[in-house]
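1. sequence first, predicted coordinates after that:
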There are 2 protein chains.
Amino acid sequence: MFEKIPKPVARRLAIYYRVLKEQSKNGAETISSSSLGRMLDLKPSQIRKDLSYFGGFGKRGTGYNVIDLMKSIEKILGIDKRWNVLIIGAGKIGRALANYPGLIQDGFTIKGIVDVSEKKIGKTIDEHLTIEDVAEMEKIIRERKIEIGVLCVPSDVAQKVLNSVIQYGIKGIVNFVPKRLKAPKDVMIEDVQISLSFKALSFRMVNSER
Amino acid sequence: MFEKIPKPVARRLAIYYRVLKEQSKNGAETISSSSLGRMLDLKPSQIRKDLSYFGGFGKRGTGYNVIDLMKSIEKILGIDKRWNVLIIGAGKIGRALANYPGLIQDGFTIKGIVDVSEKKIGKTIDEHLTIEDVAEMEKIIRERKIEIGVLCVPSDVAQKVLNSVIQYGIKGIVNFVPKRLKAPKDVMIEDVQISLSFKALSFRMVNSER
């Protein structure tokens, strides 16, 4: 049913999801495509088209039921289940992610964080996370049923680390290393580029000045 | 000339830019839309269309000159100049950003980091950055000619902090707070959602399993 949803639509669904969550916290029961559009600076027609991929259930006049829409998007995005996540590399980014509240809220449970440095191994990140030895990675992945690996290692070792992670059975990678990495076709890699948002901003600033 | 470039195109330009930079480091002089497409899993026709916004200069057979294309994209994205950046909030994310090498490489210079906590003020992040008192923010923004503020504060104070930052003359915000904030029309806010990449990944994993 959802197979045909293009990637940009999936990303927009994730953005709608965040707004719906906010709205539901504020007690909203329904939301129209035009108010969603206003909040997100998107055309209501775009939103209706995106939601129609899974049989949009907006009603003329009242709009979409917030909870129903959230549940549908959760299913489509695969966040109606919990995902077990291992962070590889306990540098600044890795440690920051280890207790980033947004992840656990959306169904991504950090089950461990590993590093190669003896100075870091054994140190606690918060009450329930201690940096473990990367040599234990295979055991950790298998025993804790890790499904997603988050790569936060130095660029020059990234491909090597990725190869091991894949060998241990991981099929999904969030890559914070600023480098494109190679993986077999059945392994999904999602590159995170923090500086992309900075560039998108500078683009808008330069263009608004004109 | 660039005014009509839509936001998604700007984001893709930033993605092309990263690959071009990589290619130029590897010594490549030209690149074709089809090899760019292969690397990025995009259709060559899409790439040619995006680049045509600023008068694509690809040559049939040889493709685009890597350096020329990089320079043009730099200009369009506004990263042919350096931007002065202030990080507001020295929590884990703020500190991780403070010496994230990708930012300085792309023209974003971190000129300071401020926090409200007395425990944090005075601590050094790296050789050239010390956490300063948020009470000094106005002075720092004016004296160091800060153009971009990076919001890494707790959700419940985010709007209040943003209001001050805007009052002190900042026109561009990168927002790491998982909350949509309000600002006057001439202030640009770019929301960063770290969990978006995780959701995009789980979407792909769920859909590839089907």
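-> Ah, there it is.
2. domain assignment for chain A?
-> Chain A resolves into domains spanning A:7-75, A:83-195 when parsed by automatic domain parsing.
3. present those as TSV; the columns should include mean neighbour count, distance to residue B:115 and mean pLDDT.
-> Any C-beta I mention is one placed from the backbone N, CA and C, and that applies to glycine too. Shown next, in TSV, are those (neighbours: other CB atoms under 10 Å in any protein chain shown; distance: least, CB to CB, whole Å; pLDDT from 0 to 100):
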stretch	mean neighbour count	distance to residue B:115	mean pLDDT
domain A:7-75	16	26	86
domain A:83-195	18	15	92
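4. can I get these in JSON lines including distance to residue B:50?
-> Supplementary listing: the domains of chain A in JSON lines, determined by distance: least, CB to CB, whole Å:
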{"stretch": "domain A:7-75", "distance to residue B:50": "13"}
{"stretch": "domain A:83-195", "distance to residue B:50": "17"}
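5. please, where are all the helices along chain A?
-> Secondary structure of chain A by DSSP state H: the helices cover A:7-25, A:33-40, A:44-52, A:66-77, A:92-98, A:101-105, A:137-143, A:155-167, A:194-209.
6. and the longest strand along chain A, what does it pack against?
-> Scanning chain A for the strand with the most residues, using DSSP state E, yields strand A:108-115. Applying 3 or more CB pairs under 8 Å, 6 or more residues apart in numbering or on different chains; DSSP states H and E, one finds that strand A:108-115 contacts strand A:83-88, helix A:92-98, strand A:129-133, helix A:137-143, helix B:194-209.
7. closest one to residue A:69 among the ones you listed?
-> With CB to CB, the closest approach to residue A:69 among those belongs to helix B:194-209: 15.3 Å.
8. the closest one: how far from the chain's middle?
-> Offset of helix B:194-209 from its chain centre (CA atoms, centre = their mean, to the nearest Å): 22 Å.
9. what do you get for stretch A:201-210?
-> Centre-to-centre, stretch A:201-210 and its host chain are 28 Å apart (CA atoms, centre = their mean).
10. now stretch A:29-45
-> Distance, centroid of stretch A:29-45 to centroid of chain: 23 Å (CA atoms, centre = their mean).
11. okay, it in PDB with CA atoms only?
-> Below are the C-alpha coordinates for stretch A:29-45, written out as PDB (Å, rounded to 0.1, in the frame of the first residue of the first chain):
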ATOM      1  CA  GLU A  29      -9.000  17.500  17.600                       C
ATOM      2  CA  THR A  30      -9.000  18.400  13.900                       C
ATOM      3  CA  ILE A  31      -6.800  20.300  11.600                       C
ATOM      4  CA  SER A  32      -7.300  21.600   8.100                       C
ATOM      5  CA  SER A  33      -4.800  21.400   5.300                       C
ATOM      6  CA  SER A  34      -4.900  25.200   5.100                       C
ATOM      7  CA  SER A  35      -3.900  25.700   8.700                       C
ATOM      8  CA  LEU A  36      -1.200  23.000   8.400                       C
ATOM      9  CA  GLY A  37       0.000  24.800   5.300                       C
ATOM     10  CA  ARG A  38       0.100  28.200   7.100                       C
ATOM     11  CA  MET A  39       2.200  26.700  10.000                       C
ATOM     12  CA  LEU A  40       4.600  25.000   7.600                       C
ATOM     13  CA  ASP A  41       4.700  27.500   4.800                       C
ATOM     14  CA  LEU A  42       3.500  24.900   2.300                       C
ATOM     15  CA  LYS A  43       0.600  24.900  -0.100                       C
ATOM     16  CA  PRO A  44      -2.600  23.200   1.200                       C
ATOM     17  CA  SER A  45      -2.800  21.400  -2.100                       C
END
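12. which residues are in contact with that stretch?
-> A:12, A:15-16, A:19-20, A:23, A:46-48, A:51, A:58, A:62-67, A:69, B:180 (CB atoms under 8 Å, 6 or more residues apart in numbering or on different chains).
13. any bit of stretch A:90-98 sitting next to chain B?
-> Yes - Stretch A:90-98 reaches chain B (CB under 8 Å from any CB of the partner chain) through A:92, A:93, A:95, A:96, A:97.
14. for residue A:171, which non-adjacent residue is closest in space?
-> Nearest in space to residue A:171, with sequence neighbours left out and distances taken as CB to CB, 6 or more residues apart in numbering or on different chains, is residue A:187 at 5.5 Å.
15. so who does the one you found touch?
-> Contacts of residue A:187 by CB under 8 Å, 6+ apart are A:166, A:170, A:171, A:172, A:173.
16. repeat that with 7 Å
-> A:166, A:171, A:173 (CB atoms under 7 Å, 6 or more residues apart in numbering or on different chains).
17. the first one contacts residue A:185, doesn't it?
-> This means residue A:166. No - counting by CB atoms under 7 Å, residue A:166 does not reach residue A:185; the two are 11.5 Å apart.
18. shared neighbours of those two, anything?
-> Joint contacts of residue A:166 and residue A:185 (CB under 7 Å, 6+ apart) do not exist.
19. which residues does residue A:149 form a beta bridge with?
-> Here residue A:149 sits in beta bridges with residue A:86, residue A:173, as judged by DSSP bridges.
20. pretty sure it contacts residue A:88?
-> Yes - here residue A:149 lies in contact with residue A:88, judged by CB under 7 Å, at a distance of 5.7 Å.
21. overlap in contacts, the two.
-> Common neighbours of residue A:149 and residue A:88 (CB under 7 Å, 6+ apart) are residue A:165.
22. from residue A:103, how far out is residue A:110?
-> 7 Å (CB to CB, to the nearest Å).
23. cool, residue A:10 as well?
-> 18 Å.
24. one more: residue A:124?
-> Taking CB to CB, one finds residue A:124 at 18 Å from residue A:103.
25. now the nearest residue to residue A:93 once chain neighbours are set aside: phi and psi?
-> Counting by CB to CB, 6+ apart, residue A:93 lies nearest to residue A:152, which is 4.7 Å off, once chain neighbours are set aside. Residue A:152 adopts backbone torsions of phi -130, psi 40, taken as degrees, to the nearest 10.
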